[in-house]
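Asker: fold the following.
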Amino acid sequence: MSTLGASIKALCFNPITTAKEAILYSLALVFILSSCASKDSLDCNLPLQHQWVNSTQIIDDIRILTSVEFAGRKTGSDGATLSQNYLVQRFTDLGLQPWQTAFKVPFTYKYQFSQQQGVNIVGTIPSRTPSNRWRVITAHYDHLGQQGMRTFHGADDNASGIAGLLAIAEQWQTTGLAEVNLMLVATDAEEQGLYGSYGLVEQIQAHSEMQIELAMNLDMIGHPSRPRAIYIEGEQNFAHFEQIKTDLTNKHQLCIRLSYAKNSSTGIKRMNWLKASDHYPFHKAGIPWIYFGVPPHNQYHTVDDTIDTLKIDFLASVTEMAYSFISQPQIEINPQ
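Answerer: Numbers count the residues shown, from 1 in each chain. Model (predicted):
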């Protein structure tokens, strides 16, 4: 029996004999009712609404990135080069500025006993008033490529995150924080071991003047589970996160889950998503981070991860929620 059920049973079947007991029972009832009201009562399956995301552009971005010509966007492939060129053009059209001399920022890493090179696409939106404050958004554009005659298109993993990043880039330029610089990074070689994010963090650390307030990672945000919800990791980095969570839920009418539980022989456990995606190198560097994503689903890392399996209204709602988080004027960080 639940705690609520036990409390109601006590109220119903234990007679009240004194004024003190009456007061205590009244207080208990108020506590029970207020506890109920504070629970997440949002119906996670209600129709979703979004305000400013252009769904047509979201679909166009995903359709192009998952097209046959892009061949699964495997790092180092011709499809990866096509992806890079497309993202450079989108960054240019959106009015972003290169962080360095060009949007394409190469990095090297060791993989399978050989030296490899990847390419991150890095754009910035400078603050409108002089500032060293920076916030970073990452989403990896690489995927698994082709195996024989099979193409792994990677619509949710992670064309969805890229589409969200591009939408946020457009919105920030009209409603973003005037005193904060925003860096937007389409990372490479995530599938091989988060190498693009490691390269990015190393390059950022070489610029001691940059005050990185937080990094947000978008990875798989288009294929909700049931009940429909977006999963967030990194809540431990932020003070008053429960209030932030409540505010985001109320504003966007989208359910939030803080972890993904799985069954095991010893009961229910939390899945540790700390090392799951590009937020982990930021964690290792001591930079506060937040991760938006969904649990692995039946289409994850299969040829069936295609655009027709995505829920575009969900993706749009998650994008607007992520924007609300990253655009908070002040975010109190918990000590590392």
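Asker: alpha carbons only for contacts and neighbour counts from here, please
Answerer: Will do.
Asker: what is the longest strand anywhere in the chain packed up against?
Answerer: Longest strand of the chain, by residue count under DSSP state E: strand 114-125. Secondary-structure packing of strand 114-125 (3 or more C-alpha pairs under 8 Å, 6 or more residues apart in numbering; DSSP states H and E): helix 78-93, strand 97-98, strand 104-111, strand 181-187, helix 195-205.
Asker: quick one: Ile232 from Ala167, how far?
Answerer: Distance, Ile232 to Ala167, using C-alpha to C-alpha, to the nearest Å: 19 Å.
Asker: between those two, who's got more neighbours?
Answerer: Ala167 (22 against 19; other C-alpha atoms under 10 Å).
Asker: ok, the residue lying closest to the more buried one once chain neighbours are set aside - contacts?
Answerer: In space, and not counting its chain neighbours, Ala167 is closest to Val53: 6.5 Å by C-alpha to C-alpha, 6 or more residues apart in numbering. By C-alpha atoms under 8 Å, 6 or more residues apart in numbering, the contact list for Val53 reads Ala167, Ala316, Thr319, Glu320.
Asker: gap between Val53 and Ser225?
Answerer: Distance from Val53 to Ser225, by C-alpha to C-alpha: 21 Å.
Asker: right, and Arg228 touches Leu46 too?
Answerer: No - Arg228 is beyond contact range of Leu46, at 9.1 Å (criterion: C-alpha atoms under 8 Å).
Asker: looking at these two, which one has more neighbours?
Answerer: Neighbour comparison, Arg228 and Leu46: the larger count goes to Arg228, with 18 against 10 (by other C-alpha under 10 Å).
Asker: okay, buried residues for the helix or strand Ala167 falls within please.
Answerer: In this structure, Ala167 is located in helix 160-175 according to DSSP states H and E. Of the residues in helix 160-175, 160-170, 172-173 count as buried by neighbour count, 16 or more other C-alpha atoms under 10 Å.
Asker: the closest residue to Ile64 other than its chain neighbours: neighbour count?
Answerer: Spatially, and ignoring its direct neighbours in sequence, Ile64 is nearest to Phe70 (7.8 Å; C-alpha to C-alpha, 6+ apart). Phe70 has 20 neighbours, counted by other C-alpha under 10 Å.
Asker: next: Cys44.
Answerer: Close neighbours of Cys44, defined as other C-alpha under 10 Å, add up to 16.
Asker: again with Asp278
Answerer: Based on other C-alpha under 10 Å, the number of other residues close to Asp278 is 31.
Asker: report pLDDT for it.
Answerer: At Asp278, the model reports a pLDDT of 98.
Asker: my guess is it contacts Asn217, does it?
Answerer: Yes - using C-alpha under 8 Å, Asp278 is in contact with Asn217, at 6.5 Å.
Asker: what do those two both touch?
Answerer: Common neighbours of Asp278 and Asn217 are listed as Thr138, Ala139 (criterion: C-alpha under 8 Å, 6+ apart).
Asker: tell me the one of the contacts of Val53 nearest Arg128?
Answerer: Arg128 has its nearest neighbour among those in Ala167, at 19.6 Å by C-alpha to C-alpha.
Asker: distance of that closest one relative to Trp134?
Answerer: In this view, Ala167 and Trp134 are 19 Å apart by C-alpha to C-alpha.
Asker: bridge partners for the residue nearest to Ile162 when sequence neighbours are not counted, pull those for me.
Answerer: Among residues not flanking Ile162 along the chain, Ala139 sits closest, at 5.5 Å (C-alpha to C-alpha, 6+ apart). With DSSP bridges applied, the residues forming beta bridges to Ala139 are Ala186.
Asker: residues contacting Ala139?
Answerer: By C-alpha under 8 Å, 6+ apart, the neighbours of Ala139 are Asn158, Gly161, Ile162, Leu165, Val185, Ala186, Thr187, Asn217, Leu218, Asp219, Asp278.
Asker: Ala159 too?
Answerer: Contacts of Ala159 (C-alpha under 8 Å, 6+ apart): Asp61, Ile62, Leu65, Thr66, Tyr141, Met220.
Asker: do the same with Pro98
Answerer: Contacts of Pro98 were listed using C-alpha under 8 Å, 6+ apart, and they are Val122, Gly123, Thr124.
Asker: correct me if wrong: the second one contacts Gly95.
Answerer: No - checked against C-alpha under 8 Å, the pair Gly123 and Gly95 is beyond contact range at 9.3 Å.
Asker: who's more crowded, these two?
Answerer: Neighbour count, other C-alpha under 10 Å: between Gly123 and Gly95, Gly123 has more, with 27 against 15.
Asker: what pLDDT does the more buried one get?
Answerer: pLDDT, read off for Gly123, is 98.
Asker: how about it, nearest residue that isn't a chain neighbour?
Answerer: Closest to Gly123 by C-alpha to C-alpha, 6+ apart is Pro98, at 4.8 Å.
Asker: pLDDT score assigned to that neighbour?
Answerer: pLDDT recorded at Pro98 is 98.
Asker: Ile125 versus that one, what's the distance?
Answerer: 9 Å.
Asker: so what's the residue count around Asn237?
Answerer: 19.
Asker: list phi and psi for it.
Answerer: Dihedral pair for Asn237: phi -80, psi -10, per degrees, to the nearest 10.
Asker: give me every residue that touches it.
Answerer: Asn237 neighbours (C-alpha under 8 Å, 6+ apart): Pro288, Trp289, Ile290, Ile333, Asn334, Pro335, Gln336.
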